[in-house]
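1. give me a model of this one.
(one chain, ligands or ions: 1)
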Amino acid sequence: MLLTGASAGIGADMARQIAPTASRLILVARRRDRLEALAAELKQLRPALTVDVEPCDLSAPSEVEALLARLPDVDVLINNAGLGDMGLFEDSTTAKIDQMLQVNVVALTRLTHALLPGMVARKRGGVLNVSSSYGFLWTPGAAVYIGTKHYVTAFTESLRSELRGTGVVVTQLCPGPVESEFEDVAGSLLDQKPPRLVMLPSAVAARHALDAFRADHAFVISGWIPSLVLRIAGLTPRWLNRLMMAPMARMLRQHHDPRGRR
Ligand SMILES: NC(=O)c1ccc[n+]([C@@H]2O[C@H](COP(=O)([O-])OP(=O)(O)OC[C@H]3O[C@@H](n4cnc5c(N)ncnc54)[C@H](OP(=O)(O)O)[C@@H]3O)[C@@H](O)[C@H]2O)c1
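-> Numbering: from 1, shown residues only. Coordinates of the predicted model:
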């Protein structure tokens with residue numbers, strides 16, 4: 001089983017929850033020290049588990065290719081690594097935009113493309129992608145991140161339909177706000193944190209994802225508030241959605257610093 005974004009948040013909790021039943025776990029992220037500490041924790045939890053630490057910057061295509069060249073057969077791929085960037089698109093840096101596209105979209109697609117044929121040939125295993133509730137809706141203030149998650153959601157649904165009947169499972173986790181390091185990287189809109197009531201512990205989001213994968217569900221929206229919001233949003237015409245988003249867009253522009261965010 002290969003898990004990206006294992007050094008923090010949802011990914012680290014998935015690793016802890018997978019460890020009791022997996023035989024081999026390959027942990028991928030950039031921070032080697034975090035991965036090694038997690039590997040030691042998992043080995044203590046279950047000495048029979050083989051844990052491979054694979055530090056890799058998924059925003060660098062050459063590193064992704066080098067990782068793929070080292071990998072054994074992988075039955076389950078969990079594409080969890082991802083990052084966001086909150087604020088007006090025009091204030092984002094080119095570097096941050098490239099990083100989001102590379103990690104959230106390009107690396108996820110490349111890893112899936114490389115590892116899926118083996119799963120299909122063996123008629124088992126699967127792909128668990130971590131999208132977001134932003135995979136189903138949009139707001140101002142995170143245009144590229146939301147675009148990448150729409151990609152993940154559409155890609156995963158499409159792939160699932162292609163793989164029906166092959167024995168390969170394709171599932172996605174679409175969480176609302178989760179307590180993790182995500183905000184440290186992405187920042188927050190107008191310096192406002194989401195209300196505590198809507199924040200989900202990363203261990204709960206991880207459990208929802210793994211339960212949905214084991215049950216072969218197409219997707220799971222983690223948290224009852226995001227589920228409710230998505231239900232309402234699904235019934236809302238696009239023109240009404242644009243009208244409702246207008247005050248937020250105005251506020252973002254009022255607080256806009258023309259020198260950019262970074
Ligand atoms: N937290 C939320 O509110 C929320 C909501 C909806 C969806 N999500 C999605 O959930 C997933 C996990 O996020 P999280 O909340 O657990 O955030 P997190 O705590 O920031 O974890 C992100 C993980 O991605 C890895 N990562 C980031 N850039 C990378 C790169 N260039 N190469 C390799 N690994 C990289 C990080 O590892 P290194 O830094 O060590 O590389 C880390 O392990 C993401 O796909 C995110 O979009 C999160």
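2. gap between residue 201 and residue 180?
-> 9 Å (Cβ to Cβ, to the nearest Å). C-beta coordinates here come from the backbone N, C-alpha and C atoms, glycine included.
3. of the two, who's got more company?
-> residue 180 (21 against 13; other Cβ atoms under 10 Å).
4. excluding its backbone neighbours, what's nearest the more buried one?
-> residue 9 (2.9 Å; Cβ to Cβ, 6 or more residues apart in numbering).
5. next one: stretch 192-212 to chain centre, how far?
-> 13 Å (Cα atoms, centre = their mean, to the nearest Å).
6. now stretch 132-139
-> Counting by Cα atoms, centre = their mean, stretch 132-139 comes out at 13 Å from the chain centroid.
7. so for residue 234, what's the pLDDT?
-> Per-residue pLDDT puts residue 234 at 89.
8. residues contacting residue 38?
-> Residue 38 sits next to 6, 7, 12, 15, 16, 27 when contact means Cβ atoms under 8 Å, 6 or more residues apart in numbering.
9. how about residue 219?
-> Here residue 219 is in contact with 131, 153, 156, 157, 171, 172, 173, 174, 212 (criterion: Cβ under 8 Å, 6+ apart).
10. inside helices: which ones of those residues?
-> The members of those that map onto helices under DSSP state H are 153, 156, 157, 212.
11. quick one: low-confidence ranges for this protein?
-> Residue ranges of the chain with pLDDT under 70: 257-262.
12. next to the ligand, which bits of the stretch 51-200 of the chain? Give me the list.
-> 56-59, 80-84, 103, 130, 132, 175, 177-178, 180-182, 185 (Cβ under 6 Å from any ligand atom).
13. out of those residues, which are buried?
-> 56-59, 80-84, 103, 130, 132, 175, 177-178, 180, 182 (16 or more other Cβ atoms under 10 Å).
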